[in-house]
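Visitor: Here's a sequence, model it:
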Amino acid sequence: MTRISRKLRRWTSEVLDLPQDVLYDMPRLTLIGSKQLYIENHRGVIHFTPDRIVLALSQGQLEIRGNALVIRNILPDEVAVEGTILDIHMNGVEGNG
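Guide: Numbers count the residues shown, from 1 in each chain. Below you'll find the model as predicted:
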């Protein structure tokens, strides 16, 4: 990302008060206890078993490990996962900002 692009995004974020996930196309994760996980801004399911789910992100992947994992709801850019969530790991994601 160019220096001008970073400055423009930072200025836009400050002036318009937009959330970082919208500006940088980053995933937004909402974990409720260890039983429910909502992921916004995903790019699709790569792998799914009851103990491991891997989602594509705009940059990298999100790996969820647990027991009795199920995908409760899947929309074009949102996924709801339920089960016993033991670990969440992001692979290949670079920091922005």
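Visitor: hey, let's count contacts and neighbours off CA atoms from now on
Guide: Fine.
Visitor: Tell me where the model's unsure across the protein.
Guide: For the chain, applying pLDDT under 70 flags the ranges 1, 6, 8-24, 93-97.
Visitor: Is L37 bridged to anything, and to what?
Guide: Taking DSSP bridges, one finds L31, V81 as the beta-bridge partners of L37.
Visitor: Hmm, it is touching L86, no?
Guide: No. In this structure, L37 is not within contact of L86 by C-alpha atoms under 8 Å, at 11.1 Å.
Visitor: Comparing the two, which shows the higher neighbour count?
Guide: Legend: neighbour count by other C-alpha atoms under 10 Å for L37 and L86, higher for L37 (21 against 13).
Visitor: Look up how far K7 lies from the more buried one.
Guide: Distance of L37 to K7, computed by C-alpha to C-alpha, to the nearest Å: 33 Å.
Visitor: what number of residues lie near the closest residue to S58 other than its chain neighbours?
Guide: Using C-alpha to C-alpha, 6 or more residues apart in numbering and skipping the chain neighbours, the partner closest in space to S58 is R43 (6.5 Å). Number of residues near R43 (other C-alpha under 10 Å) recorded here: 17.
Visitor: Check this protein and tell me which residue is nearest its centre.
Guide: P27 (2.9 Å; C-alpha atoms, centre = their mean).
Visitor: check contacts around that one.
Guide: 21, 39-42, 57 (C-alpha atoms under 8 Å, 6 or more residues apart in numbering).
Visitor: do the same with V54
Guide: 45-48, 61-64.
Visitor: Give me the nearest residue to it, chain neighbours excluded.
Guide: E63 (4.5 Å).
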